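[1] would you be able to build a 3D model of this:
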Amino acid sequence: TVMLPVSLFIIMFSLGMALTIADFRRIAEFPRGVAIGLGNLLLISPLLAFLLAVAFDMPPELAVGMMLLGASPGGTTANMLTHLARGDTALSVTMTAISSLAAVFTVPLVLGLATAWFMAGETRYELQMGAIVAKIMLITLVPLLLGMLVRAKAAAWSVRNEPRAKRVAMVFFLFVVFAALWSEHEHIFGNLETVGLAVLCLNLLAMTVSFGISRLAGLNGPQSTAISIELGVHNTTLAMAVAAMVAPAMIIPAAVYNVFMFFTAGAFAKWMHSRNT
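    Numbering: from 1, shown residues only. I've put the predicted structure just below:
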């Protein structure tokens, strides 16, 4: 309840330090790529999460956590992996920035729908949605805008210190993930077969489906790579932070997802590196 918001604040601030207004103007440069990528993030990913939660007959708390995971935006690590894969890094950064802004509205929306579907009649989970939206804005939008302001006012300092900020953010991220895994280890090991397989399926299906849709839509290899990695590497800290506002067990899918996403997305990035020339 403390380290998750602090970690997310630092992560979003470091993302803001890497963004400029030009990153948002790229929507006009390749609208089809941004539209397809965001469509996958905002529609396909939550839909896959819902279908898998139902297919695996997940307990209500884990099912809602699965939906939060599917609704979370792309993470900054997706930008790095896209670069290593010779993908369209500009498109990746643009999608991360826009989806992070949209998450202030989309994540609470998905949380409300998922809670109503999987926890209908459970009065102990009455959501204070106004408070949840305010907290999400405080730990995502505010640090993102602060980071962008620092970048605009002190560009040279930001460029020089951005790698350091990202390293600090990564340390916090890893600490929070391991702390979450440890604090919920009894629930995790009790549901490992279900949760582990479900989140692995979400990861692989999201990347495969988004890559296929991108190619069918006529996007090139680097653009399709960026979209696929964006669907594979989520901002799971946001999913865990929101889940912790409702019920600790809801963080489990996102925490377990972290065990897989770097390996699968990293393997995909390596595979695409030689194909994106």
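[2] output the below-cut-off pLDDT ranges for the stretch 51-200 of the chain.
    Counting by pLDDT under 70, the stretch 51-200 of the chain shows low-confidence ranges at 121-127, 180-181, 183-192.
[3] same thing but 80
    The model of the stretch 51-200 of the chain has pLDDT under 80 over residues 76, 120-131, 162-163, 165-167, 169-170, 172-194.
[4] ok, which stretches of it are helices?
    Under the criterion DSSP state H, counting those that start in this stretch, the stretch 51-200 of the chain contains helices at 60-71, 76-84, 89-118, 129-136, 142-153, 155-183, 185-190, 192-216.
[5] contacting residues around the closest residue to Ile27 other than its chain neighbours?
    Excluding the flanking residues, the one nearest Ile27 by CB to CB, 6 or more residues apart in numbering is Val34, at 5.1 Å. All C-beta atoms are positioned from the backbone trio N, CA, C, and that covers glycine. For Val34, the contact set (CB atoms under 8 Å, 6 or more residues apart in numbering) comprises Arg26, Ile27, Leu91, Thr94, Met95, Ile98.
[6] neighbour-wise, which one of these leads?
    Note: the member of the contacts of Val34 with the most neighbours is Met95, at 31 neighbours, neighbours being other CB atoms under 10 Å.
[7] that's a helix at the residue nearest to Ile27, yeah?
    Yes - Val34: assigned to a helix according to DSSP: H, G, I helix; E, B strand; the rest coil.
[8] gap between it and Asn235?
    Distance of Val34 to Asn235, given as CB to CB, to the nearest Å: 18 Å.
[9] gap between Ser99 and Thr82?
    14 Å.
[10] please identify the deepest-packed of the helices of the stretch 51-200 of the chain.
    Sort the helices of the stretch 51-200 of the chain by mean neighbour count, taking mean count of other CB atoms under 10 Å, and helix 60-71 sits at the top with a mean of 28.
[11] between helix 89-118 and that helix, find me the angle.
    Angle, helix 60-71 to helix 89-118, by axes from the mean of the first three to the mean of the last three CA atoms, to 10 degrees: 160 degrees.
[12] what is helix 60-71 packed up against?
    helix 45-55, helix 89-118, helix 192-216, helix 236-246, helix 252-273 (3 or more CB pairs under 8 Å, 6 or more residues apart in numbering; DSSP states H and E).
[13] now the angle between helix 236-246 and it, please.
    150 degrees.
[14] oh, and call the first residue 476 from now on, that's how I've got it
    Right, with 476 as the first residue, what we last looked at is helix 535-546.
[15] now do helix 535-546 against helix 520-530, angle only.
    Using the same axes, to 10 degrees: helix 535-546 against helix 520-530 is 160 degrees.
[16] got the angle for helix 535-546 vs helix 727-748?
    Going by the same axes, to 10 degrees, helix 535-546 makes 30 degrees with helix 727-748.
[17] which one is Cys676 nearest to, not counting chain neighbours?
    Leu527 (5.6 Å).
[18] now do the one you found: how many residues are near it, please.
    Count around Leu527 with other CB under 10 Å applied: 22.
[19] thank you kindly, that will do.
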